[in-house]
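Engineer: Sequence and computational prediction follow.
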Amino acid sequence: MFAISLGDDGAELRPLEPFHAEELLAHMDRGREFIGQHIGLPDVVADLESARAYLRSYAEKAASDTGRLYGIWDGGTLVGGVLFRTFDVANGTAEAGCWLEPSAAGKGLITRACRTIIDWAIEERGIHRVEWYASTKNGASVAVARRLGMTKEGVLRENYLYRGSRADTEIWAVLAPEWRAAKAS
């Protein structure tokens with residue numbers, strides 16, 4: 001297994017795999033309400049069996065090269081994650097996403113982890129376009145997209161049915177030439 005340092009604070013980015021099911025469930029239980037404000041992951045990871053199923057689904061995506069899932073560990077504790085919900089090498093597109101429990105918020109972990117996986121996708125895998133979808137009400141996620149140098153491309157109105165209500169989704173993206181230019185400056 002590998003671990004990538006996310007800075008001098010000891011935080012690490014590692015693959016999040018099926019054998020982490022108990023750890024993922026404990027993490028989700030600590031942050032369920034906070035994480036679930038804008039995304040459905042806490043509803044998907046409700047018990048140990050569903051945690052295993054979720055992690056298996058991403059192991060299958062990794063095996064078929066259609067998605068990836070990474071955990072963020074801070075002080076040895078799983079506190080969040082980043083992922084490529086979709087990953088299409090043939091078309092050169094991917095959709096990145098994230099979540100974090102409240103104890104880890106405000107430390108820059110998501111931005112650092114996303115920079116790592118986006119850079120890998122563009123430089124190692126030849127992805128041309130990385131997309132980011134965020135609820136218009138999720139200011140923290142929108143701020144990450146901005147910090148990553150993404151461009152807001154529009155809003156999908158009432159496209160996301162979440163817990164019985166329709167939500168608007170902002171679409172952000174960065175293209176490989178933009179990513180490289182930002183890194184160079």
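Structural biologist: Right, received. Where do you want to start? Residues are numbered from 1 along each chain as shown.
Engineer: low-confidence ranges in the chain?
Structural biologist: Scanning the chain with the threshold set as pLDDT under 70 gives 1.
Engineer: quick one, strands of it?
Structural biologist: 4-5, 12-15, 68-74, 77-88, 93-100, 129-135, 151-162, 165-175 (DSSP state E).
Engineer: so the fourth one versus strand 93-100, what angle?
Structural biologist: Just to be clear, that refers to strand 77-88. Calculated by axes from the mean of the first three to the mean of the last three CA atoms, to 10 degrees, strand 77-88 forms an angle of 160 degrees with strand 93-100.
Engineer: quick one: buried residues of stretch 72-92?
Structural biologist: 72-74, 78-85, 87, 92 (16 or more other CB atoms under 10 Å). C-beta here means a position set from N, CA and C on the backbone, and glycine is covered the same way.
Engineer: With stretch 45-59 instead?
Structural biologist: So, applying 16+ other CB under 10 Å, buried residues of stretch 45-59: V45, S50, A51, R52, Y54, L55, Y58, A59.
Engineer: For L13, see how far away the last one is.
Structural biologist: When distances are taken as CB to CB, to the nearest Å, A59 and L13 turn out to be 17 Å apart.
Engineer: What of the second one?
Structural biologist: Look at S50 and L13: by CB to CB, they are 24 Å apart.
Engineer: Quickly list what A96 is bridged to.
Structural biologist: As for beta bridges, A96 partners with F84, W132 under DSSP bridges.
Engineer: hang on, isn't it packed against V130?
Structural biologist: Yes - A96 lies in contact with V130 (CB atoms under 8 Å); the separation is 5.5 Å.
Engineer: just to revisit the earlier point, wait, which of the strands of the chain is closest to I35?
Structural biologist: Of all the strands of the chain, strand 93-100 sits nearest to I35, with 5.0 Å by CB to CB.
Engineer: what's the angle between that closest one and strand 165-175?
Structural biologist: 120 degrees.
Engineer: Can you list phi and psi of G67 for me?
Structural biologist: phi -180, psi 170 (degrees, to the nearest 10).
Engineer: show me what contacts it?
Structural biologist: Shown in contact with G67 (CB atoms under 8 Å, 6 or more residues apart in numbering): Y58, K61, L83, F84, R85, T86, F87.
Engineer: Tell me how many other residues surround the nearest residue to it once chain neighbours are set aside.
Structural biologist: Leaving aside its chain neighbours, G67 sits nearest to K61 (3.1 Å; criterion: CB to CB, 6 or more residues apart in numbering). Neighbourhood size, K61 [other CB atoms under 10 Å]: 18.
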